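[1] Sequence unavailable; structure follows:
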């Protein structure tokens, strides 16, 4: 389960169905993230004209049991 670092909402997408370069949008705050790695899942926040920062936000992959 990936969590938006901006608003801490769960990002609603299937982690098994995304590939590097895909864009994921937070339904709550509208922040866009690009998938930069899939194993482990790593997202980078996107700005209006590209990346806001060079830093990549690593999103923890948590298992719900």
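    Yep, that arrived. Keep in mind the model is a prediction, meaning the values are calculated, not measured.
[2] Now do the contacts for residue 37.
    Contacts here follow CB atoms under 8 Å, 6 or more residues apart in numbering; on that basis residue 37 touches residue 20. No exception for glycine: its C-beta is placed from N, CA and C like everyone else's.
[3] Count the neighbours of the closest residue to residue 25 other than its chain neighbours for me.
    In this structure, residue 25 finds its nearest non-sequential neighbour in residue 32, 5.3 Å apart by CB to CB, 6 or more residues apart in numbering. By other CB atoms under 10 Å, 15 other residues sit near residue 32.
[4] Does residue 32 touch residue 43 like I think?
    No. Here residue 32 does not reach residue 43: they are 9.6 Å apart, not a contact under CB atoms under 8 Å.
[5] Find residues that contact each of the two.
    residue 24.
[6] Skipping its backbone neighbours, what lies nearest the residue nearest the centre of the chain in space?
    In the chain, the centroid-proximal residue (CA atoms, centre = their mean) is residue 43; its distance is 4.1 Å. What sits nearest to residue 43 in space, not counting adjacent residues and going by CB to CB, 6+ apart, is residue 33, at 3.9 Å.
[7] The one you found pairs with what?
    Under DSSP bridges, the beta-bridge partners of residue 33 are residue 24, residue 45.
[8] could you check the distance from it over to residue 8?
    14 Å (CB to CB, to the nearest Å).
[9] how about the strands of this structure, start to end?
    23-25, 32-38, 41-47, 50-51 (DSSP state E).
[10] Which other helices and strands does the first one contact?
    With contacts defined as 3 or more CB pairs under 8 Å, 6 or more residues apart in numbering; DSSP states H and E, the secondary structure elements packing on strand 23-25 are strand 32-38.
[11] buried ones in the strand it packs on?
    Applying a neighbour-count criterion of 16 or more other CB atoms under 10 Å, one finds 33-35 buried in strand 32-38.
[12] if we take those, which one ends up nearest to residue 15?
    Relative to residue 15, the closest of the buried residues of strand 32-38 is residue 35; by CB to CB it sits at 9.2 Å.
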